[in-house]
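Student: Let me see the structure of the following:
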Amino acid sequence: MTHLEGLNEQQKEAVLQKDGPILIIAGAGAGKTKTISHRILHLIKEGVSPESILAITFTNKASKEMRERVEKIISEDKSLNFPISYNHKPFISTFHSLGVHILKENARLINLTRNFSIMDRSDSSKLVKDCLKSLDIDPKQFEPSKILNIISREKGNLVSAEEYSAGSDKNGYTLQAVVGKVWPMYEKKLAQEKALDFDDLLLKTYNILKNHPEVLEIYQNLWKYIHIDEYQDTNKVQYMTAKLLAEKNRNICVVGDIDQSIYSWRGADIQNILSFEEDYPEAKIILLEQNYRSTQTILAVANEVIKNNKLRREKNLFTKNAEGEKVSFFKALNETEEARFIARKSQELIAKGASPREIAVLYRANFQSRVLEEAFLTENVPYQVLGTKFFERKEVKDILAFLRASLNLESLSDIKRIINVPARGIGKVTILKIFEGKKDELPLGVKEKVNTFFNLLLRIKKEAEEKKPSEVIRFIIRESGIELELQKGGDEDKERLENMRELATLAIKYDHLPKLEGVEKLLEECSLASDQDTLEKNENAVKLMTVHASKGLEFDYVFITGLEQDLFPHQGMSGTEKTPEEMEEERRLFYVAITRARKKLFMTYAEMRTIFGSMQMNLPSIFLGEFNNDFLEEEKFEYREKIVYLEW
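Tutor: Predicted structure coming up:
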């Protein structure tokens, strides 16, 4: 069987196991994407129709990579003798994209249309802020983002606004009481705008499947073979959705690694993977332990660190790769010296032939990036901070708001955002009257401006129904008046216009789809874009990111910074001592950081670090004492900055 060539024995076992539940414990760099892709190919060769196969992963980047790999190996297999058309492919997506797909097909069941709006995090925060103001509660006292995080966590646990509010104090002003008041109002505003937030894409999908057996049966009969990647990162709603879909056929293959479970703070439940054998007693368990990514030295360090965790399934990564260099260790006087060392060492690596894009600097907390950026600027080393999303730029969001509003005239948030982009002389009082349905009460001149705006939205909708997505974006830029406005401006305005045009370029990849479907897919991708999607352009620059954001990525050279007690492992804002479970998650995070490296690993810590304006003396991280020092070599660095001690 030529499609099994290049697979090790454990990978072959996973590929050849056709029916029944399978749990694949896949260590870091163990070729899980390759295994799932070849398993999908094998199913098709065994007579399973491609559209009967569902594969779900967590990031857009991972699903895109898997989709491309599956399509490539299917097209290259000459024995299949049939082309895979657009409508007859395995369904490969993220959980959220799966939710959008099911919700669009069943929108009427929850009083929506196909063109419902998807609120991103910042739009949802604005809605929560509006709710707080309506309740005469100060948003500075109760942060909208904190309230939204609680709502998000509860939705992930299958809790509704009504259930939460019933259990909260109706008259109090604790955080729980405020959430209990805000949440129902927030849901009402979403319903008014025919909009869903990110968490609704999962929760409402589950509710449709649970409450409508006839709909569930359609998808159970459609997707007879289900694959779920990163199973250790599933929360309750994702776990229960997968369970429902797999209930009838029980052909569910989950892939995960307990040692890489790092998202409990956003609802991921490690018990989902630990209890897989209880859910499916007949399950086949397969361990993928051969690592194809890292050197023997890097893996030895990773193995020694993670064995300190108790909540795990025993496995030991090994590799046939070279032994590799020792792990470099640098003890800096302060964070400035640490950053300068990293920037200079990156410069050295680049001078010796390393590609800047193959160097990553990982940190535990976002605040650490500032001093690193300064050092990279000073040393003139190209860098890119992961987390500045292209789709969050104001000008890009404006164009998308025009498109969404044209398809959903009840999306008041989008209309409010763009009714004066560019300036049309429509004031707040006018906007309020429009939203209250009192457009006829407006003065004639104002009414003409409002009508012109809504006519523009109707023209955009007509374009969306008849033209390619890239042409629709260009139409909006031109016909809205934004292009003319920005062309008159300075360099900053011209850069904003370039970003809008970049959106039109991105839209080209949907031009081959049926007209309106292409526009819908474009809006879906833009709404569900994650931090890692900012790397799509793959700038040839050193990548700076949190360890959490690095999950699923790999680089030749990796710096793990800030390895100090209370920073990594992280103490957090509460200052309370971490529970054993929390310490294990911090260790898993360190393990993830280590296993991002292919060739060489650097670890750094600063004896002094200024945090929130206060200089702190630091002890090295406990993690640095959890592996053999023989794997380390200490780095020297000549740069020393004069330290100025401030009296407070």
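Student: okay, CA-based contacts and neighbour counts for the rest of this
Tutor: OK.
Student: I'd assumed R478 was in contact with L484.
Tutor: Yes - contact between L484 and R478 holds when scored by C-alpha atoms under 8 Å: they sit 7.4 Å apart.
Student: now P569, nearest residue through space, not along the chain?
Tutor: E586 (5.5 Å; C-alpha to C-alpha, 6 or more residues apart in numbering).
Student: Please, which helix or strand holds that neighbour?
Tutor: Using DSSP states H and E, the element containing E586 is helix 580-594.
Student: Okay, now the sheet partners of whichever helix or strand comes after that helix, with direction.
Tutor: Counting by DSSP H and E, the next helix or strand C-terminal to helix 580-594 is strand 597-611. Next to strand 597-611 in the sheet, as set by DSSP bridges, lie strand 327-334 (parallel), strand 555-560 (parallel), strand 614-617 (antiparallel).
Student: For the ones you listed, give me a markdown table that also has mean neighbour count.
Tutor: A markdown table is the format used below for the strands paired with strand 597-611 (neighbours: other C-alpha atoms under 10 Å):
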| stretch | mean neighbour count |
| --- | --- |
| strand 327-334 | 20 |
| strand 555-560 | 23 |
| strand 614-617 | 12 |
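Student: Indicate which one of the ones you listed is closest to V254.
Tutor: V254 lies closest, by C-alpha to C-alpha, to one member of these: strand 555-560, at 25.9 Å.
Student: Could you give the average pLDDT over stretch 439-457?
Tutor: For stretch 439-457, mean pLDDT is 89.
Student: Show residues contacting it.
Tutor: Around stretch 439-457, the neighbours that count as contacts under C-alpha atoms under 8 Å, 6 or more residues apart in numbering are F402, L403, A405, S406, I419, R424, G425, I426, T430, K433, E479, S480.
Student: Please, a PyMOL command that selects the buried ones among these?
Tutor: This is how PyMOL selects the buried members of the contacts of stretch 439-457, with burial counted by 16 or more other C-alpha atoms under 10 Å:
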select buried, resi 402+403+405+406+419+430+480
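Student: Next, count neighbours for H512.
Tutor: 11 (other C-alpha atoms under 10 Å).
Student: again, but for E71
Tutor: E71 has 15 nearby residues by other C-alpha under 10 Å.
Student: any idea how far I44 is from it?
Tutor: For E71, the distance to I44 equals 12 Å [C-alpha to C-alpha, to the nearest Å].
Student: Check E525 too.
Tutor: Taking C-alpha to C-alpha, one finds E525 at 28 Å from I44.
Student: Those two - which one has more neighbours?
Tutor: Using other C-alpha under 10 Å as the criterion, E525 and I44 rank with I44 on top: 18 against 14.
Student: I'd like the next helix or strand past the one helix or strand that one maps to.
Tutor: Element membership of I44, judged by DSSP H and E, is helix 32-45. Using DSSP H and E, the helix or strand that follows helix 32-45 in sequence is strand 53-57.
Student: just checking, what packs against that next one?
Tutor: Helices and strands touching strand 53-57, by 3 or more C-alpha pairs under 8 Å, 6 or more residues apart in numbering; DSSP states H and E, are strand 91-94, helix 95-105, strand 225-228.
Student: on that earlier part again, report the inter-axis angle for the helix holding I44 versus strand 53-57.
Tutor: 170 degrees (axes from the mean of the first three to the mean of the last three C-alpha atoms, to 10 degrees).
Student: Render the CA-only coordinates of helix 32-45 in PDB, please.
Tutor: Taking Å, rounded to 0.1, in the frame of the first residue of the first chain, the C-alpha atoms of helix 32-45 are listed here in PDB:
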ATOM      1  CA  LYS A  32      -0.300  13.700  14.000                       C
ATOM      2  CA  THR A  33      -1.400  15.800  11.000                       C
ATOM      3  CA  LYS A  34       0.300  13.300   8.600                       C
ATOM      4  CA  THR A  35      -1.400  10.400  10.500                       C
ATOM      5  CA  ILE A  36      -4.900  11.900  10.300                       C
ATOM      6  CA  SER A  37      -4.400  12.900   6.600                       C
ATOM      7  CA  HIS A  38      -3.400   9.400   5.700                       C
ATOM      8  CA  ARG A  39      -6.200   7.900   7.700                       C
ATOM      9  CA  ILE A  40      -8.700  10.000   5.800                       C
ATOM     10  CA  LEU A  41      -7.100   8.900   2.500                       C
ATOM     11  CA  HIS A  42      -7.300   5.200   3.700                       C
ATOM     12  CA  LEU A  43     -11.000   5.600   4.500                       C
ATOM     13  CA  ILE A  44     -11.700   6.900   1.000                       C
ATOM     14  CA  LYS A  45      -9.700   4.000  -0.500                       C
END
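Student: what's in contact with that helix?
Tutor: 3-4, 7, 11-12, 14-16, 18, 26, 50, 53, 66, 69-70, 73-74, 80, 227, 255, 288.
Student: Mark which of those are part of strands, please.
Tutor: Counting by DSSP state E, the contacts of helix 32-45 place A26, I53, H227, V255, L288 in strands.
Student: for the stretch 101-250 of the chain, what spans make up the strands?
Tutor: Secondary structure of the stretch 101-250 of the chain (DSSP state E, counting those that start in this stretch): strands located at 117-119, 195-197, 225-228.
Student: what mean pLDDT does the second one have?
Tutor: Meaning strand 195-197. Averaging pLDDT along strand 195-197 gives 95.
Student: low pLDDT regions in this structure?
Tutor: 1, 81-87, 387-389, 530-538, 572-576, 612, 638-648 (pLDDT under 70).
Student: okay, now E51: neighbour count?
Tutor: What E51 shows, counting by other C-alpha under 10 Å, is a neighbour count of 17.
Student: Quickly note the distance from it to E68.
Tutor: According to C-alpha to C-alpha, E51 and E68 sit 16 Å apart.
Student: Check G99 too.
Tutor: In this view, G99 and E68 are 21 Å apart by C-alpha to C-alpha.
Student: which of the two has more neighbours?
Tutor: Neighbours were counted for G99 and for E68 using other C-alpha under 10 Å; G99 has more, 22 against 14.
Student: Same question for the helix ranked longest in the chain: list its buried residues.
Tutor: Ranked by residue count, the top helix of the chain under DSSP state H comes out as helix 444-466. By neighbour count with 16+ other C-alpha under 10 Å, helix 444-466 contains the buried residues 446-447, 450, 453-454, 456-461, 463-465.
Student: Same check on stretch 242-253?
Tutor: Neighbour counts over stretch 242-253 (16+ other C-alpha under 10 Å) mark A242, L244, L245, A246, N249, R250, N251, I252, C253 as buried.
Student: For the residue nearest to P569, give me its contacts.
Tutor: I262, F568, P569, H570.
Student: If we use 10 Å, what do you get?
Tutor: S261, I262, R364, F568, P569, H570, Q571, K578, P580, V592, F623 (C-alpha atoms under 10 Å, 6 or more residues apart in numbering).
Student: How about F602?
Tutor: Counting by C-alpha under 10 Å, 6+ apart, F602 touches 326-330, 342, 345, 361, 557-561, 594, 632-635.
Student: how much space between G425 and F454?
Tutor: 14 Å.
Student: again but with V178, I slipped
Tutor: Applying C-alpha to C-alpha to V178 and F454 gives a distance of 37 Å.
Student: closest to G437 out of the strands paired with strand 597-611?
Tutor: Among these, the nearest to G437 by C-alpha to C-alpha is strand 614-617 (53.7 Å).
Student: From the chain's centroid, how far away is that closest one?
Tutor: Mean C-alpha position of strand 614-617 versus that of the full chain (C-alpha atoms, centre = their mean, to the nearest Å) differs by 33 Å.
Student: in whichever helix or strand comes after that strand, what counts as buried?
Tutor: Counting by DSSP H and E, the next helix or strand C-terminal to strand 614-617 is strand 632-634. Within strand 632-634, the residues scored as buried using 16+ other C-alpha under 10 Å are L632.
Student: Perfect, that will be all.
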